[in-house]
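Novice: Turn this into a structure:
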Amino acid sequence: MIVIYFFAGVILTFLTTFVLDAYMNRGEIFDFIRIAVGQWLAKKNGVDFNIEEMDNFDNYESPQYFGRMEAYELKYWEIAFYTKLMNPFICKTCMSVYIGFFYCAIFTVLLEFSFTQSIGWFFIQNLCVFFLIELKSNNE
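Specialist: Numbering: from 1, shown residues only. Sure thing, here's the model as predicted:
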């Protein structure tokens, strides 16, 4: 059971990190996460992060999409230079470590519950058998 939880945690960590990293780029569905964290940390550390200026790039179907992505990446790494709290949101390895810790905690709790329930069930079965043996020996 431990091996199944371990491999499930590794696979879920990889897939979640892959999906989040792909969809948190500018113009994607989860871009508000990186932008909100970037703005908050930039404001906290005095770094200039003007979202209106960064939005002057055309829509993401245009050739300037990759230029916009690079501009955002440079700004995120500049913010990460002043604070390490930005790293999990731009660094794929950092994100996978934190997500891995999250899944590890969840699977540890699940493993604990399944282990305690199986031990508890085993204890109840033995208690019933012991009670029946005692009951039979008292009747004789």
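Novice: now the residue sitting nearest the centre point of the chain: how far from Arg68?
Specialist: The residue lying closest to the centre of the chain (C-alpha atoms, centre = their mean) is Ile99, at 2.7 Å. Distance, Ile99 to Arg68, using C-beta to C-beta, to the nearest Å: 26 Å. (Each C-beta comes from the backbone N, C-alpha and C, glycine too.)
Novice: cool, and Cys104?
Specialist: Taking C-beta to C-beta, one finds Cys104 at 35 Å from Arg68.
Novice: Also Asn50?
Specialist: 14 Å.
Novice: neighbour count winner among these two?
Specialist: Arg68 (20 against 11; other C-beta atoms under 10 Å).
Novice: Rounded mean pLDDT for the one helix or strand that one maps to, please.
Specialist: According to DSSP states H and E, Arg68 maps onto helix 65-82. For helix 65-82, mean pLDDT rounds to 78.
Novice: what helices or strands is the top helix by length along the chain leaning on?
Specialist: The longest helix of the chain (DSSP state H) is helix 92-139. On a contact count with 3 or more C-beta pairs under 8 Å, 6 or more residues apart in numbering; DSSP states H and E, helix 92-139 meets helix 2-23, helix 87-90.
Novice: Give the full set of residues in contact with the nearest residue to Thr17 once chain neighbours are set aside.
Specialist: Leaving out its chain neighbours, the residue that sits closest to Thr17 by C-beta to C-beta, 6 or more residues apart in numbering is Ser96, at 4.1 Å. By C-beta atoms under 8 Å, 6 or more residues apart in numbering, Ser96 lies in contact with Thr13, Phe14, Thr17.
Novice: Report how many residues lie close to the last one.
Specialist: Other residues near Thr17 come to 19 when the count uses other C-beta under 10 Å.
Novice: which regions of this structure sit below the pLDDT cut-off?
Specialist: 1-2, 26, 52-67, 112, 115-121, 140 (pLDDT under 70).
Novice: Tell me, how many residues neighbour the closest residue in space to Leu12 that isn't next to it in sequence?
Specialist: Of all residues not flanking Leu12 in the chain, Tyr103 sits nearest, at 5.4 Å (C-beta to C-beta, 6+ apart). Using other C-beta under 10 Å, Tyr103 is surrounded by 18 other residues.
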